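J.: for reference, the sequence and a predicted model appear below.
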Amino acid sequence: MESKCIAVVGAGVNGVSIATASAAMGHSVTLYDARMPFAETSNASSRMLHGGIRYLEQGHIGLVREALLERDEWQQFSPDATRVERFYFPVFADSPRGKWVLFAGTLLYQWLAGRFSVGRSQLHSASDIQATFPNLVSHGLQGGASYCDVVMEYELLAQQLVSEAIDKGVTLKNETSVKKISTCGEVLVNDGSVKFDRVVNATGPWAARLLEHSGIESEYTIEHVRGSHLILNYSLDHALVLQAPDDRRIIFVIPLNAKQVLLGTTEEQHDLTKPIVCSDAETRYLLAILNRYLRDPIDTSAIESTFSGVRPIVRKRKDTLGDMSAASRDSEIEVYDRLVNVFGGKWTSARHLGNEVAKLL
Ligand SMILES: Cc1cc2nc3c(=O)[nH]c(=O)nc-3n(C[C@H](O)[C@H](O)[C@H](O)COP(=O)(O)OP(=O)(O)OC[C@H]3O[C@@H](n4cnc5c(N)ncnc54)[C@H](O)[C@@H]3O)c2cc1C
């Protein structure tokens, strides 16, 4: 195979994975980022390497199964930066989904993982749930269901991915904003234009904007949906999945360590020209859902920090804007001559995406 000079623009999990896979195939790869690797969306995920149990409700069976296999690959790639966590769905009188429906969903999730399952799904009585989570209210508690999934130790995994890229020979150009790209392989940065055999636009939420600035029309566009998380000084032994009675959304409460949990996430339309931060309304929304079910509600003094990211949700231009929760987090790859555009994706699917794009190159 002929070795090529490749520019990858954007060093989030997608860009780093594409760069590494391309370098592993013998190409000479330069990876540009306006900031640093993992400075944006990839730094703001819910930290799950998962099939996405909630997509089952929308019938995305194939997508979930594929992601469950990818989950296994992450475990093999980094046993020390991944851990299995049991997620409990407590069911209350006001919960939109009953415990049998949830149990059926968790069983399907386990079954779809097949031999890559990381633990059995279980049905729980109210007393079971109460014993596991003594801090939950007992009023209206009807029991629940639980399933196992994989959570990443984010900082360690990001570090391992960057080290892997460097080991494979990828040249990192941090703090180098790319002003324009072209379909004939040009990358315009502050100190001039550089010519490559191939250019990959992996700028996540900024992918459509970079194309616009470059005067390139794409078949795809991106909807920007902000998701915010709170890191709370609060202790839980296992992860909780709470159902918001008003909008049917599910909110995760994931232990980060013995003293802190991650609470999220939200879904708000986001204007990319505005700062990506957690609004007061999002903070209130998340705390209200958690507090609804806590014996001793917590207030904002329990918030250690907040962080937000923008989901790049890809749509064909001709599609109309729909329900954000119902849109899948699938990705699209578009090739224009020497330019490859990557839209969407998830942390979980990034290594697969990386290999797929590298093969195309
Ligand atoms: C709230 C939230 C929760 C999520 N939870 C999960 C989860 O639990 N599990 C999961 O699998 N996925 C999750 N995701 C999805 C996943 O985090 C993202 O899909 C993924 O991180 C996107 O990575 P990316 O590399 O495409 O984008 P990014 O990480 O945003 O990387 C793009 C990079 O491009 C750079 N860039 C932009 N413009 C330019 C330019 N002109 N020149 C140079 N560089 C540029 C940016 O600085 C940035 O570093 C979540 C997403 C959000 C928002």
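T.: Yes, it's here.
J.: Ser305 and the ligand, how far apart?
T.: With the distance defined as Cβ to the nearest ligand atom, to the nearest Å, Ser305 ends up 15 Å from the ligand. From N, CA and C alone the C-beta is placed, and that goes for glycine too.
J.: Val84 - that's part of a strand, no?
T.: Yes. When DSSP: H, G, I helix; E, B strand; the rest coil is applied, Val84 is found to be in a strand.
J.: quick one: name the residues of the chain near the ligand.
T.: Within reach of the ligand by Cβ under 6 Å from any ligand atom, the chain has these residues: 9-15, 32-35, 39-42, 44-48, 177-178, 202-206, 210, 227, 265, 309-311, 345-348.
J.: quickly find the element holding Thr176.
T.: For Thr176, there is no enclosing helix or strand under DSSP states H and E.
J.: got the contact list for it?
T.: Contacts for Thr176 were tallied using Cβ atoms under 8 Å, 6 or more residues apart in numbering; they are 32-34, 189-190.
J.: with His124 instead?
T.: Neighbour list for His124: 88, 99, 132, 143-146 [criterion: Cβ under 8 Å, 6+ apart].
J.: just flag the most distant two among those.
T.: Maximum pairwise distance among the contacts of His124 (Cβ to Cβ): 14.3 Å, between Lys99 and Thr132.
J.: quick one, phi/psi of the closest residue to Leu290 other than its chain neighbours?
T.: In this structure, Leu290 finds its nearest non-sequential neighbour in Leu263, 6.0 Å apart by Cβ to Cβ, 6 or more residues apart in numbering. Dihedral angles of Leu263 (phi, psi; degrees, to the nearest 10) stand at phi -120, psi 120.
J.: Arg120 too?
T.: Per-residue torsions, Arg120: phi -80, psi 140 (degrees, to the nearest 10).
J.: secondary structure element holding the nearest residue to it once chain neighbours are set aside?
T.: Setting aside the residues directly before and after it, Arg120 is nearest to Gln110 in space (Cβ to Cβ, 6+ apart), at 6.4 Å. Under the criterion of DSSP H and E, Gln110 resides in helix 99-113.
J.: and the contacts of that helix?
T.: Applying Cβ under 8 Å, 6+ apart, the contact partners of helix 99-113 are 51, 53, 56-57, 61, 64-65, 68-69, 71-72, 89, 91, 97, 117, 119-124, 142-148.
J.: quick one: buried residues of the longest helix along the chain?
T.: Longest helix in the chain by number of residues (criterion: DSSP state H): helix 61-77. For helix 61-77, a neighbour-count test (16 or more other Cβ atoms under 10 Å) marks 63-72, 74-75 as buried.
J.: of these, just say which sits nearest to the ligand.
T.: Nearest to the ligand out of the buried residues of helix 61-77 is Ala67 (Cβ to the nearest ligand atom; 7.5 Å).
J.: for the closest one, give its distance to Arg351.
T.: Counting by Cβ to Cβ, to the nearest Å, the gap from Ala67 to Arg351 is 11 Å.
J.: what segments of the stretch 251-361 of the chain are helices?
T.: Along the stretch 251-361 of the chain, counting by DSSP state H, counting those that start in this stretch, helices occupy 280-292, 350-360.
J.: from those helices, which stretch is densest packed?
T.: Mean neighbours per residue, mean count of other Cβ atoms under 10 Å, is largest over the helices of the stretch 251-361 of the chain for helix 350-360, with a mean of 20.
J.: great, nothing more from me.
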